[in-house]
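> coords please:
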Amino acid sequence: GEQDCARMQDALDFVTPVYQGKCVMAQQSTMAFSLGVATILSSLTSDVETRLAGLLFEVPTNAPHLTAEIEIRFGKDVFDLVDGVHKLIRLRELTVGQQEVGRGKNAAQQALAQIETLRKMLLAMATDMRVVLVRLASRLTVLRYFAEMKLQNQMVHDYARETLELYTPLANRLGIGQLKWELEDLSFRFTEPEAYKRIAKMLEEKRVSRETFVESAIKRLKSELDAAGIEEPAGEQQDQDE
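The predicted structure is shown next:
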């Protein structure tokens, strides 16, 4: 509604001077990153408080002295969401140490158990599931930026692997198929670039083949209808004209 739009505009006015000239991951503009998160949350039909948190959660990092202002200006609910997102971001420091998996069956099993423990900790820390939603949206925004910039380095690979191990299962567990699919797709692009290219090429070839088959079938059908003296339905003819 109009009130929600006004609150989002207020938040945008609030963060613009704070984010100006600031960058997040791999030199992405903090403003572009935050708008990306808010846009994803909006596409998921989240409530306005969640979208506000998506736009505001970089404020404490860039301007700690304005953190209290968030509660005064946007309410305790939004402040608590922003605080919750920061707790999850701090939790990521624990996941970084789990990137390297040792050799042997026991080491692999131990690593999987540690990742599952981290998932449970993440969910336990997020008493409001909207916090996890913002975290998933922020990770997707980062991966989209990596893809847009065509980055391929160790940092990108680590982020992608962490996403597959930690965030994709969370999206699946929360039933957010839209986020799960894209997080998985982008992560696979970075962790298995050659396999991703092969699959993308095969899918494109199949798409072209399907389109060619459909076009051929339509032409054949029209020819047979003409031969039988049957006219196309008026509605379909109108669609063709448009």
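> Now residue 128. Its backbone dihedrals?
Backbone torsions of residue 128, given as degrees, to the nearest 10, read phi -110, psi 120.
> And it, what's its pLDDT?
Residue 128 carries a pLDDT value of 88.
> same check, this time on the one 5 residues further on
Residue 133 carries a pLDDT value of 94.
> residues in contact with stretch 155-172?
25-26, 92, 95-96, 98-99, 115, 118-119, 122-123, 132, 135-136, 139, 142-143, 146, 177, 179-180, 183-184, 186-191 (Cβ atoms under 8 Å, 6 or more residues apart in numbering). To be clear about C-beta, it is placed using only N, CA and C from the backbone, and glycine gets the same treatment.
> are any of those buried, and which?
25, 92, 95, 98, 115, 118-119, 122-123, 132, 135-136, 139, 142-143, 146, 179-180, 183-184, 186-191 (16 or more other Cβ atoms under 10 Å).
> can you tell me which of the residues you listed are in helices?
Of those, the ones assigned to helices by DSSP state H are 92, 95, 115, 118-119, 122-123, 132, 135-136, 139, 142-143, 146, 179-180, 183-184, 186-191.
> what's near enough to touch residue 5?
Applying Cβ under 8 Å, 6+ apart, no residues qualify as near residue 5.
> Just list the residues touching residue 73, thanks.
Residue 73 neighbours (Cβ under 8 Å, 6+ apart): 10, 14.
> mind checking how far it is from residue 140?
From residue 73 over to residue 140 the distance is 27 Å, taken as Cβ to Cβ, to the nearest Å.
> With adjacent residues omitted, what lies nearest to residue 43?
Nearest residue to residue 43, sequence neighbours excluded (Cβ to Cβ, 6 or more residues apart in numbering): residue 178, at 7.7 Å.
> top helix in this protein by residue count?
helix 193-227.
> Determine the set of other helices and strands touching that one.
Secondary-structure packing of helix 193-227 (3 or more Cβ pairs under 8 Å, 6 or more residues apart in numbering; DSSP states H and E): helix 177-191.
> buried sites along the longest helix of the chain?
residue 196.
> chain center to that helix: distance?
30 Å (Cα atoms, centre = their mean, to the nearest Å).
> With adjacent residues omitted, what lies nearest to residue 147?
Nearest one to residue 147, counting by Cβ to Cβ, 6+ apart, is residue 186 at 5.7 Å.
> check contacts around that neighbour.
140, 143-144, 146-147, 160, 163.
> Need the buried ones from the residues you listed selected in PyMOL.
Here is the PyMOL command that selects only those of the contacts of residue 186 that count as buried (16+ other Cβ under 10 Å):
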select buried, resi 140+143+144+146+160+163
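> Just send the contacts of residue 186 back as CSV, with pLDDT too.
Formatted as CSV, the contacts of residue 186 follow (pLDDT from 0 to 100):
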residue, pLDDT
140, 97
143, 97
144, 97
146, 97
147, 96
160, 95
163, 93
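> want to throw the contacts of residue 186 into TSV with distance to residue 108?
TSV is the format used below for the contacts of residue 186 (distance: Cβ to Cβ, whole Å):
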residue	distance to residue 108
140	27
143	25
144	30
146	27
147	29
160	19
163	19
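> Which of the contacts of residue 186 lies at the shortest distance from residue 222?
residue 147 (40.9 Å; Cβ to Cβ).
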